[in-house]
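> Provided below are the primary sequence and the corresponding predicted coordinates.
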Amino acid sequence: MKNILYYVHDPMCSWCWGFETTRQKIFDELDGKMEIRRMLGGLAPDSDLPMAQPMRDMLQQTWHRIEQTIPGTRFNFDFWEKCQPRRSTYPSNRAVLAARAQGEAYDALMTARVQRAYYLEARNPSDNDTLIELAADIGLQAEPFAAALVAPATQQQLVEEIQASRRMGIDSFPSLAVQKADRLFHIGLNYTDAQAMLAQIESL
């Protein structure tokens, strides 16, 4: 049985955006060597309330810190003026599940499209209308996607995926863990050095 690498993330997690280049290097290196499973962690539940100003300030400070910490990572701060932010990432998580239902490859494609829309295009992936537009961009069938996005079964699937990640002891994102037989090993993150994490993984 192959070892399994779990990647737990949220499409609207800004540190996950910063991790993307390094994550891709890890996935490319391990492709074919071990099974890789993407899991959604569910950062912020559904909310129709405008984001409170302290949270807006904190997230903008986080974006600046990530730009300073992870070379090459950029954010479009126009988002905070053009959009009505809500502390609600579950819609984008359900969008990834709705995309995955049309083919496993769409999981990563939808995640990447949400990230680009949010962080570079100043669009709001907390809004279902935006998510439906993004799904069309990556070639998904619009009507099945829109139906799955709001289906109770998709929400239940998200709840189950979140609960599974919590049982793994994961409640921050991004996170990497390796399952070897019946044991789970958490991998220490290094946002700029893929080789450091690959060394941890290969040592197992």
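Arrived safely.
> what residues does stretch 161-169 touch?
Outside stretch 161-169, the residues within contact range by CB atoms under 8 Å, 6 or more residues apart in numbering are 6, 8, 39, 40, 41, 42, 97, 171, 175, 177, 184, 186. For every residue, glycine as well, the C-beta is placed using N, CA and C.
> buried only: go through those for me.
6, 8, 39, 40, 41, 42, 97, 175, 177 (16 or more other CB atoms under 10 Å).
> can you put those in CSV and add secondary structure?
Shown next, in CSV, are the buried ones among the contacts of stretch 161-169 (DSSP: H, G, I helix; E, B strand; the rest coil):
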residue, secondary structure
6, strand
8, strand
39, strand
40, strand
41, coil
42, coil
97, helix
175, strand
177, strand
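> ok, those residues vs residue 18, which is closest?
Nearest to residue 18, judged by CB to CB, of the buried ones among the contacts of stretch 161-169 is residue 175 at 13.9 Å.
> excluding covalently adjacent residues, which one is nearest to that closest one?
residue 8 (4.4 Å; CB to CB, 6 or more residues apart in numbering).
> mind picking the two most distant members of the buried ones among the contacts of stretch 161-169?
So, the buried ones among the contacts of stretch 161-169 by CB to CB: farthest apart are 97 and 177, at 20.3 Å.
> how about the secondary structure of residue 73?
Under three-state DSSP, residue 73 comes out as coil.
> what segments of the protein are strands?
4-9, 35-40, 175-180, 183-187 (DSSP state E).
> how far does the shortest one sit from the chain's center?
What that stands for is strand 183-187. Using CA atoms, centre = their mean, to the nearest Å, the mean C-alpha position of strand 183-187 is found 20 Å from that of the whole chain.
> and if you look at stretch 96-116?
Distance of stretch 96-116 from the chain centroid (CA atoms, centre = their mean) equals 10 Å.
> need the helices for this protein, in chain order.
Along the chain, the stretches classed as helices by DSSP state H are 14-30, 53-69, 79-82, 90-100, 105-119, 128-137, 142-149, 152-167, 194-203.
> got the contact list for stretch 80-93?
10-13, 40, 42-52, 55-56, 59-60, 79, 114, 118, 122-128, 131, 149, 155, 158.
> isn't the residue nearest to residue 175 up against residue 184?
No. Under the criterion of CB atoms under 8 Å, residue 8 is not in contact with residue 184, lying 11.7 Å apart.
> between these two, what contacts are shared?
Contacts common to residue 8 and residue 184, judged by CB under 8 Å, 6+ apart, are 168, 177.
> what is the burial count for the nearest residue to residue 79 once chain neighbours are set aside?
Nearest non-adjacent residue to residue 79, counting by CB to CB, 6+ apart: residue 122, 4.2 Å away. Residue 122: 16 surrounding residues under other CB atoms under 10 Å.
> try residue 135
Using other CB under 10 Å, the number of residues around residue 135 comes to 26.
> from residue 162, how far out is it?
22 Å (CB to CB, to the nearest Å).
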